[in-house]
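Chemist: Have a look; sequence and predicted model below, questions after that.
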Amino acid sequence: MAEGLAQLHPARRSARAGGDHPGAPLCDADELRVVDDAGADVPAGEEGELLVRGPYTLNGYFAAKAINERSFTPDGFFRTGDKVRRLANGYLEVTGRVKDVIQRGGETVAAADLEEQLLTHPAIRSAAAVPLPDQYLGERICAAVVFHADPVTLAEVNGYLDERGVATHARPDVLVALPGLPLTPVGKIDKKAIAERVALGASVRVPGRHADENPGSAHARTCDAG
C-alpha cells in the first residue's frame, strides 16, 4: 500500500499556512526535499520536484525493479511527481506535476510504461501516450503512434495489450496515427503539441490511406474507444 501520503493528515490546518494548497510534514520523522531536474536541492521560493521519506511512506513496489529505479532515489526518497515551492514559513505549495502520468478514473497510468508496451507491437515504430480531458474520467488516454507500414485499429492494439497483461484502465481510449511525432527544440517528443492537436480535432494522415482522417470520426482508423 502507498496510501500514507494521501490518507494521513493533521486534525487542524495551521493558520500559518495560508494559500490554497500548502502543506507541511506531519511529524519530525518526515523528510522532505525539493530538487531540480538534476536532483540538486533548490532554494526556498523556487519550484522543484518533491521527494519524501518517512515511516509511512512506501519503500518500493513488489517485484518491479524498473519502476522502483524510476520512483526512488538511491538513498530511499520517493519521487512524488509533484512540483512544489517551499514558502518562507517552511510550508510547501503544490504548483503542478512533474511526472509524465495520466490520471484516468482515479487510476494513475505511467505514460512511459504504456509507451514501452506499445513499442513492442510489430506495426508500431514510435509512440507517445498523452492525456485528454474527460468530463467523467478526468483524463482519457490517447496513444499517438507512427506505424511502420500498414496501420492497425484501436481494438487490435488493445487486444494485443490485453494479451500482454496490460490492465484495462491502462490501455488507450483513443488511437491517433501520425506521420511523425512532433519534437521540442531540444529533441524530446512534444506531448503538449500532440494533445493540443488531437483536442482541436486536427486531421491526421494514416499511412496507406488516401485522405486525412479526423481522430474524432467514427469512421476513422484513429478513433475513439467509445
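Modeler: Perfect, thanks for sending it. Remember, predicted model here, so these are calculated numbers, not experimental data.
Chemist: I'd say residue 76 and residue 59 touch.
Modeler: Yes. The criterion here is C-beta atoms under 8 Å, and residue 76 meets it with residue 59 at 6.3 Å. C-beta coordinates here come from the backbone N, C-alpha and C atoms, glycine included.
Chemist: show me the contacts for residue 152.
Modeler: With contacts defined as C-beta atoms under 8 Å, 6 or more residues apart in numbering, residue 152 is in contact with 121, 123.
Chemist: contacting residues for residue 98?
Modeler: For residue 98, the contact set (C-beta under 8 Å, 6+ apart) comprises 49, 81, 82, 83.
Chemist: Kindly tell me how buried the closest residue in space to it that isn't next to it in sequence is, as a neighbour count.
Modeler: The shortest distance from residue 98 to any non-neighbouring residue, by C-beta to C-beta, 6 or more residues apart in numbering, is to residue 49 (4.5 Å). As a burial measure, residue 49 scores 20 neighbours (other C-beta atoms under 10 Å).
Chemist: that's a helix at residue 49, yeah?
Modeler: No. Residue 49: not assigned to a helix; according to DSSP: H, G, I helix; E, B strand; the rest coil it is strand.
Chemist: Bridged to it, which residues?
Modeler: Judged by DSSP bridges, the bridge partners of residue 49 are residue 35, residue 83.
Chemist: for the one 4 residues further on, same thing?
Modeler: Beta-bridge partners recorded for residue 53 (DSSP bridges): residue 31.
Chemist: Where does pLDDT dip in the protein?
Modeler: Where the chain drops to pLDDT under 70, the residues are 1-22, 201-226.
Chemist: next SSE after the host helix or strand of residue 94?
Modeler: According to DSSP states H and E, residue 94 maps onto strand 92-97. For strand 92-97, the following helix or strand on the C-terminal side (DSSP H and E) is strand 101-104.
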